[in-house]
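Give me coordinates for this.
(2 chains)
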Protein chains: 2
Amino acid sequence: MRRLYHFPLQPQSRKVRLLLKEKQLEYEAIAERPWDRRDEFLALNPAGETPVLVEPGGSIICGDYAITEYLEEIQPGGTLLGALPVERAETRRLVQWFDSKFQRDVTQNLLHEKLIKRICGQGGPDSGAIRAGRANIRIHLDYISWLIDRRNWLAGDSFTLADLTAAAHLSCIDYLGDVNWDEFLGAKEWYARIKSRPSFRPLLGDHLPGTQPPAYYADLDF
Amino acid sequence: MRRLYHFPLQPQSRKVRLLLKEKQLEYEAIAERPWDRRDEFLALNPAGETPVLVEPGGSIICGDYAITEYLEEIQPGGTLLGALPVERAETRRLVQWFDSKFQRDVTQNLLHEKLIKRICGQGGPDSGAIRAGRANIRIHLDYISWLIDRRNWLAGDSFTLADLTAAAHLSCIDYLGDVNWDEFLGAKEWYARIKSRPSFRPLLGDHLPGTQPPAYYADLDF
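Numbering: from 1, shown residues only, chains lettered A, B, ... in the order given. Prediction:
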């Protein structure tokens, strides 16, 4: 069986879990703490990073970029990138927006400071970083609302990997209680649509020991 | 004509310039300082980041991820990713290795601290970051040498986007004089092969005002 090594609150791992479910590909999920640097895990991925996918035949696919494009290639029937090259370029622009810009502006400042540092024993959170993350997220929620005002889904008419990527990041920040949904109704309506997809259900059930998401975190009506 | 907005010493811009030349696609290069946040540039890419490709028909392709995959899709005849899905996954694993891990370990610590901060007027370099960048680069040059001991090119038998990405990053660090090639002979031999490709020539001619690369920077015999 296909195996996925992932960290439950890493957006890039969540993106791949969502994609596997959307493509109806069965897999066994193995939770990995990449900072433990387990020898068996480093043998799979010398970069020491999740996600890593091990195919039934033994092929090892490392990193969210390689995995998402690989899954598109082996299952070309149902694309989650888009049909035409320019549509696919728009999806990938937004994937990079969230995995690079949102990651730097928000995920690094909130998820890393408030949760990962504690789990890894790297000391307390930097309050300046947290303030910056909370200010920055507003720009991204505004941008999502702006796009959803003009399009059905983030990249256009169809549901794509851009929606999965954005929702993967936001779901991690939402776990921390740092998304003021009611101020961004366009983004909220879009997130509610994604949250109700069957692929999203397993993510909403994740609980990291010693942490507690807000009460509305797993609610479809939030 | 195709137009590319790029910053001459940004690895992700260099990767796309190399790819365009390798694919023998003509283009006009427009040097952009993304931190100036020019209105005309922000209208092309709201993320405000280079590279951005504008196609002859007017399509705007933003970001190195979208551009490299788009160029593969519109020119499928000559792939620089690899033939089989697992080979392409290995290329993409290494692209992400350099654009994410090398970027964080080395490029951010050396290029950003020594050059970009000065150009943007963000103050002097952090000496701790520079020390970290110089220590970290050794791990990456070791890894390149290890791969080249076992393979013809980084991802396998064929020259791929992994080689272009790694060389794009290293060429920026080499411009700063921070690569001790003679300690890493496998990596040096591999870089010499890439440096001698016609696609690499234009990069070696770039000079940023107020900066001076080391004398050997553009030499094919270094």
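
what's the average pLDDT for stretch A:195-204?
For stretch A:195-204, mean pLDDT is 95.

can you pull out the strands in chain A?
For chain A, the strands defined by DSSP state E cover A:3-6, A:28-31, A:52-54, A:60-62.

List the strands paired with the third one, with their directions.
Here the strand partners of strand A:52-54, with direction, are listed using DSSP bridges: strand A:3-6 (antiparallel), strand A:60-62 (antiparallel).

Please state the offset of the last one from the chain centre?
Spelled out, it's strand A:60-62. 18 Å (CA atoms, centre = their mean, to the nearest Å).

likewise stretch A:12-29?
How far stretch A:12-29 lies from its chain's middle: 11 Å, per CA atoms, centre = their mean.

Name the residues of it that come out as buried.
The neighbour-count check on stretch A:12-29 (16 or more other CB atoms under 10 Å in any protein chain shown) flags A:12-23, A:27, A:29 as buried. The way it works is simple: take the backbone N, C-alpha and C, and place the C-beta from them, glycine included.

Using PDB, list the CA coordinates for the longest helix along chain A.
For chain A, the longest helix by residue count, based on DSSP state H, is helix A:127-150. Listed in PDB are the C-alpha atoms of helix A:127-150, where the atom choice follows Å, rounded to 0.1, in the frame of the first residue of the first chain:
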ATOM      1  CA  SER A 127       5.900  38.300  20.200                       C
ATOM      2  CA  GLY A 128       7.000  40.600  17.400                       C
ATOM      3  CA  ALA A 129       6.700  37.700  14.900                       C
ATOM      4  CA  ILE A 130       3.200  36.800  16.200                       C
ATOM      5  CA  ARG A 131       2.100  40.400  15.800                       C
ATOM      6  CA  ALA A 132       3.500  40.500  12.200                       C
ATOM      7  CA  GLY A 133       1.800  37.200  11.400                       C
ATOM      8  CA  ARG A 134      -1.600  38.400  12.700                       C
ATOM      9  CA  ALA A 135      -1.300  41.600  10.600                       C
ATOM     10  CA  ASN A 136      -0.100  39.800   7.500                       C
ATOM     11  CA  ILE A 137      -2.900  37.300   7.400                       C
ATOM     12  CA  ARG A 138      -5.400  40.100   6.800                       C
ATOM     13  CA  ILE A 139      -3.800  40.900   3.500                       C
ATOM     14  CA  HIS A 140      -4.100  37.200   2.400                       C
ATOM     15  CA  LEU A 141      -7.700  36.900   3.600                       C
ATOM     16  CA  ASP A 142      -8.500  40.100   1.700                       C
ATOM     17  CA  TYR A 143      -6.900  38.700  -1.400                       C
ATOM     18  CA  ILE A 144      -8.800  35.400  -1.200                       C
ATOM     19  CA  SER A 145     -12.100  37.400  -0.800                       C
ATOM     20  CA  TRP A 146     -11.100  39.600  -3.800                       C
ATOM     21  CA  LEU A 147     -10.500  36.500  -5.900                       C
ATOM     22  CA  ILE A 148     -13.700  34.800  -4.700                       C
ATOM     23  CA  ASP A 149     -15.700  37.900  -5.600                       C
ATOM     24  CA  ARG A 150     -14.600  37.300  -9.200                       C
END
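
In chain A, what residue spans correspond to helices?
Counting by DSSP H, the helices of chain A are A:11-22, A:39-44, A:64-74, A:85-96, A:117-120, A:127-150, A:161-175, A:185-195, A:201-204.

interface residues of chain A facing chain B?
Taking CB under 8 Å from any CB of the partner chain as the contact definition, chain A meets chain B at A:46-47, A:49, A:59, A:61-67, A:69-70, A:73-74, A:85-86, A:88-90, A:92-93, A:95-97, A:100-101, A:143.

What values do phi and psi take at the residue lying farthest from the centre of chain A?
What lies farthest from the middle of chain A is A:G57; by CA atoms, centre = their mean that is 26.5 Å. Per-residue torsions, A:G57: phi -80, psi 0 (degrees, to the nearest 10).

Look at it and report its pLDDT.
Listed pLDDT for A:G57 reads 95.

now do A:G77
Reported pLDDT for A:G77: 74.

Among the helices of chain A, which comes closest to B:A167?
With respect to B:A167, and counting by CB to CB, the nearest of those is helix A:64-74 at 18.6 Å.

what packs against that closest one?
helix A:11-22, helix B:85-96 (3 or more CB pairs under 8 Å, 6 or more residues apart in numbering or on different chains; DSSP states H and E).

starting at the chain centroid, how far to it?
15 Å.

what sits up against it?
When contacts are defined by CB atoms under 8 Å, 6 or more residues apart in numbering or on different chains, helix A:64-74 is touched by residues A:12-13, A:15-16, A:19-20, A:23, A:25, A:51, A:53, A:61, A:79-81, A:95, A:99, A:161, B:65, B:69, B:85-86, B:88-90, B:92-93, B:95-96.

tell me the angle of that helix relative to helix A:161-175?
140 degrees (axes from the mean of the first three to the mean of the last three CA atoms, to 10 degrees).

Report the rounded mean pLDDT for helix A:64-74.
97.

Buried residues, that helix. List them.
A:D64, A:Y65, A:A66, A:I67, A:T68, A:E69, A:Y70, A:L71, A:E72.
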